[in-house]
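Here is my input; please provide its structure:
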Amino acid sequence: MLCSGGAVALQVAARYLAEGGAALITSGERYRGPAWDRWETHPDIGYGDGAAAVVIGSPGGSSEYAISGISQRTDSRLEGIERGDRPFTELPGAWPSGEELSEAREEFYARVGRDMLRESAGTNMAACAEEALADAGFPEIVFAVPPRLGPRLQRVLFGEALRSLSTDWRQLGRNTGHMGAGDSLVAIAQIMEGGLLEPGQSAAVVGGGGGFTWSCVILTRHSI
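Have a look, this model is predicted:
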């Protein structure tokens, strides 16, 4: 799941909280060399260090904000984008370098072509968005937050689904870069801390990760 980890953790926690209680979800990322080059590992992504924490409670709680809908989709056929023709690693710290990841992507594309990723992203992200909206009761989405990726990658992997959610895309990652598993969690925190939603409004936070996964979280601010 990689960079969808925060959104997936929210979904798992929500299932455990159906009968009450609360859960703390945290993430932390540090992209340090020489194994990882925050600027060169991927041509469309700049990686930022950071951490996030979210407390999620059971449905019907008194919080001002609620995760009213959530969904995630996976296409394991695309796992090779991060691995190429190499065998699976067996030890912690055996993750390939940025240069090796670039080679892995080229090996994968040479084997299956580039259309599989684009087509799978369009299908799965659209389904993910529809499922999250249905889970939330189809609220009006005032804005959508894309993953903290470069504009080309946003358009290729998330463009059509984001446009179906809202014509207003809020780029909340300009000062942080991509934050790995914390990407969606940080976006949720920024929406709440910045007061970007008025009472009664909802926003969609979209995420994606290697492996390959997509996620969509609907955040709603309750009417006062």
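
List the buried residues in the lowest-mean-pLDDT helix or strand in the chain.
Ranking every helix and strand in the chain by mean pLDDT, DSSP states H and E puts helix 98-112 at the bottom, with a mean of 77. Using 16 or more other Cβ atoms under 10 Å as the test for burial, helix 98-112 gives 98, 101-102, 104-105, 107-109. For glycine as for every other residue, the C-beta is placed from the backbone atoms N, C-alpha and C.

got the angle for the helix or strand following that helix vs helix 98-112?
Per DSSP states H and E, the first helix or strand lying C-terminal to helix 98-112 is helix 115-136. Interaxial angle, helix 115-136 versus helix 98-112 (axes from the mean of the first three to the mean of the last three Cα atoms, to 10 degrees): 100 degrees.

what's the average pLDDT for helix 115-136?
Here helix 115-136 scores 90 as its mean pLDDT.

Quick one: distance of stretch 56-74 to the chain centre.
Computed by Cα atoms, centre = their mean, to the nearest Å, the chain-centroid distance of stretch 56-74 equals 16 Å.

Alpha carbons only: can I get it in PDB?
Below are the C-alpha coordinates for stretch 56-74, written out as PDB (Å, rounded to 0.1, in the frame of the first residue of the first chain):
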ATOM      1  CA  ILE A  56     -10.600   8.700  15.000                       C
ATOM      2  CA  GLY A  57     -13.700   7.900  17.200                       C
ATOM      3  CA  SER A  58     -16.800   5.800  16.700                       C
ATOM      4  CA  PRO A  59     -19.700   6.900  14.600                       C
ATOM      5  CA  GLY A  60     -22.100   9.300  16.300                       C
ATOM      6  CA  GLY A  61     -19.500  11.000  18.400                       C
ATOM      7  CA  SER A  62     -19.500  14.700  19.200                       C
ATOM      8  CA  SER A  63     -16.500  15.800  17.100                       C
ATOM      9  CA  GLU A  64     -16.900  18.800  14.800                       C
ATOM     10  CA  TYR A  65     -15.400  16.800  11.900                       C
ATOM     11  CA  ALA A  66     -16.300  13.300  10.700                       C
ATOM     12  CA  ILE A  67     -14.800  10.900   8.100                       C
ATOM     13  CA  SER A  68     -18.200  10.300   6.500                       C
ATOM     14  CA  GLY A  69     -16.900   8.000   3.700                       C
ATOM     15  CA  ILE A  70     -13.800   6.100   2.800                       C
ATOM     16  CA  SER A  71     -12.700   3.600   0.200                       C
ATOM     17  CA  GLN A  72      -9.600   2.000  -1.200                       C
ATOM     18  CA  ARG A  73      -8.800  -0.100  -4.200                       C
ATOM     19  CA  THR A  74      -5.800  -2.300  -5.100                       C
END
